[in-house]
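Enquirer: Turn this into a structure:
(chains A and B)
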Amino acid sequence: MIDTDNLTKKFGDLTAVDNLTLHVNDGEVFGFLGPNGAGKTTTIRMLCCLISKTSGSATIGGYEIGNKEGSLKIRKMIGLVPDNVGLSEHLTAYDNLDFYGKIYDCSESQRKENIKRFLEMLGLWEKRNDLAGTFSKGMKQKLAIARALIHDPQILFLDEPTANLDPESAKTVREFILELKKQKKTIFLNTHNLDEAQRICDKIGILNTKLRVTGTPQDLEEAVKGKKTIVSLEQVNEKILSALKKLSLKNLTSEGNKITFDVSDPDKENWGAVEAMVLAGGHVNTVNVVGSSLEDVYLKLVRESA
Amino acid sequence: MRLSKAWLVASRDFKIFRRQKNILYSIIVFPVITSVLFPAILEFTQQRSGGLSAPGVLPNLLNSFSFFFIIGAAYIPLGIASYSIVGEKIEKSLEPLLATPLTDGEILLGKALSAVLPTLVAMYAASIVFMVGIDATTVGKLGYNYFPNSTFGVLLLILLPVAVVMSVLYSVIVSSRANDVRSANSYGILILFPLLATYLLSEVGIISLDINGLLIIAGILLAIDIALYFVSKAAFQREEILTKWK
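Expert: Model prediction:
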């Protein structure tokens, strides 16, 4: 559904997006993670045919971005919720949606039906005749999502849809995205929220100008993780630490009565470590192995690329 | 270019303008002043001194008065177009609009129509009041109704639309660089100076505001319109708007 091949955008000497190659399947929710200035919004703008690419190529639903005809077809089949919601504040919620429905040539009955359906789903139907400018941030965000869906697009681009929302509004928006996922919409989601990405997305890409990695949330954790062993002892002393240092364990740290180190094969490495601690006079209470979280993966990749 | 789509954009702007008192005032105030003030001045001076001027001089004076319709026609769209574009910049509502299948040209035409049409309606309505008022005031002096006449016809039907378009296109360019409506208006007002200069030159007799004079001015403004069209078209491009407009 969405394919990019070495897609690049430069602003003068600044490379905003560098040789981005990715594939998003039909009906998939793709989460695009990355720090501020990583090129996430620029990527969405290129894919929505709002700005030109410098090099490379991309197709949306089989139509190529960058040519006039393809761009028009793409803009008909997508919906965009930009990072700034951009509502007409002096129009009512209903009029905001109705205007966009008309742009997409939706019939009057289709417009009425979709406006009612989406406003009801998002809890805004009672406020349909209120000016958008009087809405709270969360309500505006919901209205912007309804606007992007008014013509029933196959593909939805969401640029940080829960940023700056209170927890309750963010939850409503997330639940709505999950509802769209059930309807098999293809969703391209820019977000900073790792937990959100993990819960909603089928696939995740981590971008920092260059695409660092893509895969399912589980794939990413597996691929980069290396697990962590946490050993709780009755007491940690220098003798125990010296014994462990001889084993060349990675990222060996101690805090209170806990010792932590990275392992790639816990079954093999933990046995030796525990033996060394016991031989050094340590009393081991518990041994726990924890996996890396998506946050660990994200931070590792972003720091590596910084 | 689909006119129906441009009309959609203009219709939405009209809806917004109806809720914006400052825009409504800017559309109404100048035409009301122009249409009522000049006949009132003539009436006042007739009553005070028995007549403003000799019958032979009066037509020149009335032509000068008429030229204020051109200044008004250039003034009114400044506020409308500035708000229409800078307002969208402030609300950041252009990005979702640009992500729709509308072309840049359709959006630009819609914005232009939303500034041109209210101006034309206001100025033409004012011109009727003006003509009736002036005729009522001067018929006794002249012995005939001065308006309507071909000079005023050329001014209203040729020069006035050209002046409105010039003002709108200039506002688009100014708005692309301005961050708020007030600064857009401040720079926009500069477009009035050549028109005010033309009026002053006519007052001192250097140029004449008869049919030939008005046609020459219209020709010059048309040439300016064409140049401004290309500049505004270049300024109103998706990529320019999203990456360079501040």
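Enquirer: List the buried residues for stretch A:155-166?
Expert: Under the neighbour-count criterion of 16 or more other Cβ atoms under 10 Å in any protein chain shown, stretch A:155-166 has A:155, A:156, A:157, A:158, A:159, A:160, A:161, A:162, A:165 buried. For the C-beta atoms, the positions are set from N, CA and C on the backbone; glycine is no exception.
Enquirer: swap in stretch B:203-212?
Expert: B:207, B:209, B:211.
Enquirer: picking up where we left off before, go through the buried residues of stretch A:155-166 and name the one nearest chain B.
Expert: Closest to chain B out of those is residue A:157 (8.2 Å), distances taken as Cβ to the nearest Cβ.
Enquirer: Can you pull out the low-pLDDT segments for the chain?
Expert: All of this is about chain A. Applying pLDDT under 70 to chain A flags residues A:222-226, A:292-293, A:305-306.
Enquirer: actually it's chain B I care about, not the one you picked
Expert: In chain B, residues with pLDDT under 70: B:49-56, B:246.
Enquirer: could you point out the longest helix in it?
Expert: Ordering each helix of chain B by length in residues (DSSP state H) puts helix B:104-142 first.
Enquirer: for chain A, same thing?
Expert: For chain A, the longest helix by residue count, based on DSSP H, is helix A:167-182.
Enquirer: and the residue in the stretch 201-306 of chain A positioned nearest to chain B, how many neighbours?
Expert: Using Cβ to the nearest Cβ, the closest approach of the stretch 201-306 of chain A to chain B is made by residue A:209 at 16.9 Å. When neighbours are counted by other Cβ atoms under 10 Å in any protein chain shown, residue A:209 registers 21.
Enquirer: re earlier: helices and strands around the longest helix of chain B, which ones?
Expert: Judged by 3 or more Cβ pairs under 8 Å, 6 or more residues apart in numbering or on different chains; DSSP states H and E, helix B:104-142 is in contact with helix B:3-18, helix B:21-49, helix B:58-91, helix B:94-98, helix B:160-177, helix B:211-235.
Enquirer: just how off-centre is it within its chain?
Expert: 8 Å (Cα atoms, centre = their mean, to the nearest Å).
Enquirer: which is the next helix or strand following it?
Expert: helix B:150-154 (DSSP states H and E).
Enquirer: Who are the packing partners of that next one?
Expert: Packing partners of helix B:150-154 (3+ Cβ pairs under 8 Å, 6+ apart): helix B:58-91, helix B:211-235.
Enquirer: Buried ones in the first one, by neighbour count?
Expert: Buried residues in helix B:58-91, defined by neighbour count with 16+ other Cβ under 10 Å: B:58-60, B:62-63, B:65-89, B:91.
Enquirer: quick check: angle from it to helix B:211-235?
Expert: 10 degrees (axes from the mean of the first three to the mean of the last three Cα atoms, to 10 degrees).
Enquirer: just how off-centre is helix B:58-91 within its chain?
Expert: 3 Å.
Enquirer: That helix to helix B:21-49, inter-axis angle?
Expert: Using the same axes, to 10 degrees: helix B:58-91 against helix B:21-49 is 160 degrees.
Enquirer: and chain A, which residues reach chain B?
Expert: A:11, A:45, A:48-52, A:72, A:75-76, A:78, A:80-82, A:84-91, A:95, A:99-100, A:102-104, A:131, A:144, A:147-148 (Cβ under 8 Å from any Cβ of the partner chain).
Enquirer: Among those, name the ones in strands.
Expert: A:11, A:78, A:80, A:81 (DSSP state E).
Enquirer: about what we covered before: among the residues of chain A next to chain B, which are located in helices?
Expert: Among those, the ones falling in helices (DSSP H) are A:45, A:72, A:75, A:76, A:95, A:99, A:100, A:102, A:103, A:144, A:147, A:148.
Enquirer: Neighbour count added to these, as JSON lines?
Expert: Converted to JSON lines, these look like this (neighbours: other Cβ atoms under 10 Å in any protein chain shown):
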{"residue": "A:45", "neighbour count": "26"}
{"residue": "A:72", "neighbour count": "14"}
{"residue": "A:75", "neighbour count": "24"}
{"residue": "A:76", "neighbour count": "17"}
{"residue": "A:95", "neighbour count": "19"}
{"residue": "A:99", "neighbour count": "21"}
{"residue": "A:100", "neighbour count": "26"}
{"residue": "A:102", "neighbour count": "19"}
{"residue": "A:103", "neighbour count": "21"}
{"residue": "A:144", "neighbour count": "24"}
{"residue": "A:147", "neighbour count": "26"}
{"residue": "A:148", "neighbour count": "23"}
